[in-house]
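A.B. asks: Let's see this in three dimensions:
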Amino acid sequence: FLLPPLSASLPVVPMRVGLLSVTLFVVSLVVVASDLAGPTDIVSEADVQLYERIVQESREADGRFASLRDVFFAVSLVKALGGEIPQGDVLCKQAQSVVNEEGETADIASLHFAIGIRTSLACPEKWRSDIVVERLKEAALGSSIPDAHHAMCALDLLDRLSSFDDTELVDQLDAILKLSEDDGTFRASPDAAVGDVSTTGLAYELVAMIFEQAELEEGEALQNIVALSETAKDVLAMGEVEDEDYVEFHDAQGRHSLSTTYALFRGLSTFTKVTGLEVDVTQDFVVRVAEFFVQHKTAFTIENAYYVYQGAVLCSENPFGVPLVLRSLHSVLGADATDTIRISVTNLLGQFAVPVTVSLHRAFPVARPESPALQNVDLVPLSPGRQNIDYTFDLLATQPEPGFYTLELSAMPLDGEGTFIAVESAERPLKVTTSITLQDFSMRVGRGSPVSPTFPAAASTVLEAERTDRILFSFRVTSSATGVPVLPQQTFLRFVHSSGRDVFFVARPGADKVFQLAIDLAKTYEEEFEYLSGEYKVIVIVGDAFVQNSLTWNVGSIRITLPDAPPTEIPEHRPEAQEELVHTFAVPQIRAPTLISRVFTGLTLAPVLFLLIGLLRVGANIGNLPSGFTSLIATLGFHVCIALLLLLLATFWIRLTIVETLRYLAYLAVPTVFLGLKALRDTARKVKVEQAVLCWEGSAYDLKK
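C.D. replies: Coordinates of the predicted model:
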């Protein structure tokens, strides 16, 4: 929807509609507190680079796009981003064919896209504007809301909206309003069964354009427009709220939430700006719509990227209220660092919105919300100018413990032109980390003298321990920056034998935040040390998610003397004799006597004998074999193939499977068919010749008589 941006401020004029009085509002400084914490993110420079990359990767090798629709959204997006699209002449030619060659047959949407491309790229080619303008004017006054919207937008780009007279515009306004449903939606055309949200947004924008162009007198038309402003709340109630964070709208098929949500929000914004009538759009609704575009900013198509960016622009310029985005630029803060926490307050595009007062209500650990580390502090601007977007405060001065924190912040505008949605309370997460060191380390055996090495050096004394002794360890973990005791989640002591075998023990903190470990060798030498005597190197391992420098410290060595492991008895295994298994096989079935089997076999083979006797009686011979070489070969080959087929059938009954038989049959079928055709054709030819000879001899005999 390529429309020029509307003015941010409109004149204040009282308008009377019959007995109904409506006052147009002034866009001035209005500070509105939203129940929500404002959008959580912005459309950043990285997102803009992503959109530019999507446009470049969508182009074909010759510089064209897959469709005119893609060209339109690509050109519109790049122009909105403030860039220039290369090879504009190629895209101009792609649009030129629509307005010239297809001007009389192209659909209205394609004409709108082509004109938008030509306008954005300032294409120099001439085109058949008279035919195209007439088609657009006809569609603008037609019964289809989407086509009328495309046509009005295209005519606005051509500066031809003024060509309509007031009567035509009023009639079109009545036709549009007749398509409204009881639930506040609009049908796309008189033939459409139900209304949908996307068409409703287009209808509101069309009404605004007609209101701006026509000189409407007091009467039914103005009353209908006022009534239209009051039914918007029914359409807004159709939005689906996802996890109480954002709201989205779907088309009649439940798809295209980006385009539908953008169309409705743009239509209501344009309607409010142009007519001055208040629409029941709450500040929470604007914040949820802004959050919707932020949550969907990772686009994968040109069209979606266009809707996301233009949606962010619309949220930063709409008449209902510009939501302020309060972001923490630090997700991790080191306790021993010199940096301070930076808080940014911008619009949805990451740009300066209005001077604000940013306050920190509380900064508290997530585990102990009742014990805030800092509270009731006004943040300090980082730059002295009025257009400052970054603010800071010093949390490290309170020496916070490492862990997850929650920052409760607010942002209240001071002054400026426009309607801004203040952020009364927004919670932003923060992770505080620190570097650590070990102090007051001590290890001793029983009641002996302790050994206290200083980190990171190792003790030079090797302690001696026996099976009945207890080995005691104690130490503190403190922050390198503040010296405050820290309680890491992972604190181990590792005993490493000279053979390479190691044993791990967990040190746990006491009430005074001192880590202690007592190893009773009498209880551990069997399972943990496994009777392995010798010198063990003791290593302290400390790590945590909130520690920047995990530690591994070799504190010294302990020589442990343990008794030898008792000999392991291997039980002698003698298998016992098992009961013999006797298997009974299936009893063979009773078969016929041998004499009967042989008689049956002879009777089965008897037809073969009868065949041979019959052939001898009839005088079988090879006299009918053809005399020609090729015919003889074909005939003999055919008989051989027949014999092989009989042999294959017999073999199938004896040993072959059906799959193997079919494979061999396929091999034999080809030569059998060709040789059989050749042999039978030669035989038929020979019979015809013999019959002809007999006929001739008979005729000659008759003549002779």
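
A.B. asks: Could you name the helices and strands sitting against the helix or strand where residue 670 lies?
C.D. replies: Counting by DSSP states H and E, the element that carries residue 670 is helix 658-704. Under the contact criterion of 3 or more Cβ pairs under 8 Å, 6 or more residues apart in numbering; DSSP states H and E, helix 658-704 touches helix 629-654. For the C-beta atoms, the positions are set from N, CA and C on the backbone; glycine is no exception.

A.B. asks: Next, the angle from the helix it packs on to helix 658-704.
C.D. replies: 140 degrees (axes from the mean of the first three to the mean of the last three Cα atoms, to 10 degrees).

A.B. asks: quick one: buried residues of helix 629-654?
C.D. replies: Residues 631, 634-635, 637-638, 641, 648, 652 are the ones in helix 629-654 that count as buried (16 or more other Cβ atoms under 10 Å).

A.B. asks: ok, now stretch 545-556?
C.D. replies: By neighbour count with 16+ other Cβ under 10 Å, stretch 545-556 contains the buried residues 546-548, 551, 553-556.

A.B. asks: Would you reformat those as CSV and include secondary structure?
C.D. replies: As requested, these are exported to CSV (DSSP: H, G, I helix; E, B strand; the rest coil):
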residue, secondary structure
546, coil
547, strand
548, coil
551, strand
553, strand
554, strand
555, strand
556, strand
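
A.B. asks: could you dump the longest strand along the chain to CSV, C-alpha only?
C.D. replies: Counting residues, the longest strand in the chain under DSSP state E turns out to be strand 419-433. Only the C-alpha atoms of strand 419-433 are listed here, as CSV (Å, rounded to 0.1, in the frame of the first residue of the first chain):
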residue,chain,number,x,y,z
THR,A,419,1.5,11.5,21.4
PHE,A,420,3.8,9.2,23.3
ILE,A,421,3.0,6.1,25.4
ALA,A,422,5.0,6.3,28.6
VAL,A,423,6.5,3.2,30.2
GLU,A,424,5.5,3.2,33.8
SER,A,425,7.1,-0.1,34.7
ALA,A,426,9.3,-2.4,32.6
GLU,A,427,11.4,-5.3,33.9
ARG,A,428,14.7,-5.9,32.1
PRO,A,429,17.0,-8.8,33.0
LEU,A,430,20.6,-8.4,34.0
LYS,A,431,23.3,-10.9,34.7
VAL,A,432,26.1,-9.8,37.1
THR,A,433,29.3,-11.8,37.0
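
A.B. asks: Quick check: mean pLDDT of the helix or strand following it?
C.D. replies: Tracing the chain C-terminally past strand 419-433 and defining elements by DSSP H and E, one meets strand 436-445 next. Across strand 436-445, the average pLDDT comes to 92.

A.B. asks: Mind giving me the packing neighbours of the helix or strand just after strand 436-445?
C.D. replies: For strand 436-445, the following helix or strand on the C-terminal side (DSSP H and E) is strand 462-466. Applying 3+ Cβ pairs under 8 Å, 6+ apart, one finds that strand 462-466 makes contact with strand 436-445, strand 551-561.

A.B. asks: residues of the first one that come out buried?
C.D. replies: Residues 436-438, 441, 443-445 are the ones in strand 436-445 that count as buried (16+ other Cβ under 10 Å).

A.B. asks: quick one: which of those is nearest residue 670?
C.D. replies: residue 436 (86.2 Å; Cβ to Cβ).

A.B. asks: Touching, that closest one and residue 546? I think so.
C.D. replies: No - counting by Cβ atoms under 8 Å, residue 546 is not a contact partner of residue 436; they are 9.5 Å apart.

A.B. asks: Could I get the buried residues of stretch 545-556 in JSON lines, plus columns for distance to residue 343 and pLDDT?
C.D. replies: Converted to JSON lines, the buried residues of stretch 545-556 look like this (distance: Cβ to Cβ, whole Å; pLDDT from 0 to 100):
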{"residue": "546", "distance to residue 343": "22", "pLDDT": "90"}
{"residue": "547", "distance to residue 343": "26", "pLDDT": "90"}
{"residue": "548", "distance to residue 343": "23", "pLDDT": "88"}
{"residue": "551", "distance to residue 343": "33", "pLDDT": "91"}
{"residue": "553", "distance to residue 343": "39", "pLDDT": "93"}
{"residue": "554", "distance to residue 343": "44", "pLDDT": "94"}
{"residue": "555", "distance to residue 343": "44", "pLDDT": "94"}
{"residue": "556", "distance to residue 343": "48", "pLDDT": "93"}
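
A.B. asks: any chance of those in CSV, plus distance to residue 206?
C.D. replies: Below are the buried residues of stretch 545-556 laid out as CSV (distance: Cβ to Cβ, whole Å):
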residue, distance to residue 206
546, 58
547, 62
548, 60
551, 69
553, 75
554, 79
555, 80
556, 85
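
A.B. asks: Which of those sits closest to residue 274?
C.D. replies: Each of those was checked against residue 274 using Cβ to Cβ; the closest is residue 546, at 54.8 Å.

A.B. asks: what residues are up against residue 121?
C.D. replies: By Cβ atoms under 8 Å, 6 or more residues apart in numbering, residue 121 lies in contact with 75, 85, 88, 91-92.

A.B. asks: ok, the residues you listed vs residue 488, which is closest?
C.D. replies: For these, the closest approach to residue 488 (Cβ to Cβ) belongs to residue 85, at 54.9 Å.
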